[in-house]
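# Output the structure for:
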Amino acid sequence: MKTLEFQGEIGMDGKLRVDVPIDLPPGPVDAVLVVQTARAKSAPPYDTLGGAFTGLLPDIEIDPILDEMNQQWRKKLEIEP
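Take a look at the predicted model:
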């Protein structure tokens with residue numbers, strides 16, 4: 001299995017054209033393509049950790065849950081005198 005990362009451009013016809021040389025023998029392959037809009041290299045993909053879960057957990061605010069979990073871990077890690 002090979003993982004390739006490359007930049008492309010979508011034409012006015014709405015089609016993504018890909019021309020990537022791959023050093024595999026001729027024949028059928030299974031391929032997975034993930035397409036996202038380009039962003040600045042220095043920009044993080046999400047504003048918050050909860051943003052990473054956007055769309056996965058509808059109707060749930062994940063940031064308060066993560067804050068509560070963080071508080072619980074801090075409490076457990078406190079060293080008692």
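# Relative to Leu66, how far out is Ile60?
11 Å (Cβ to Cβ, to the nearest Å). Any C-beta I mention is one placed from the backbone N, CA and C, and that applies to glycine too.
# Comparing these two, which residue is more hemmed in?
Neighbour totals were compared for Ile60 and Leu66, and Leu66 leads with 14 against 10 (other Cβ atoms under 10 Å).
# Quick check: phi and psi at the more buried one.
phi -60, psi -40 (degrees, to the nearest 10).
# give me the low-pLDDT residue ranges for this structure?
1, 39-58, 79-81 (pLDDT under 70).
# residue ranges for the helices of it, please.
62-77 (DSSP state H).
# Could you report the distance from Trp73 to Ile62?
Taking Cβ to Cβ, one finds Trp73 at 16 Å from Ile62.
# Which one's more surrounded, these two?
Ile62 (16 against 9).
# was I right about Arg17 contacting Gly11?
Yes. The pair Arg17 / Gly11 is scored as a contact, 6.6 Å apart, by Cβ atoms under 8 Å.
# For burial, what's the neighbour tally of Asp23?
5.
# same question, Leu33
By other Cβ under 10 Å, the residues close to Leu33 number 8.
# got it, and Gly8?
13.
# Isn't it up against Asp19?
No. With contact defined as Cβ under 8 Å, Gly8 does not reach Asp19; the gap is 9.0 Å.
# Excluding chain neighbours, what is closest to Leu24?
In space, and not counting its chain neighbours, Leu24 is closest to Lys2: 7.1 Å by Cβ to Cβ, 6 or more residues apart in numbering.
# how near is that neighbour to Ala31?
Using Cβ to Cβ, Lys2 is found at 10 Å from Ala31.
# same deal with Leu24?
To Ala31, Leu24 is 11 Å away according to Cβ to Cβ.
# again with Glu5
Counting by Cβ to Cβ, the separation of Glu5 from Ala31 is 14 Å.
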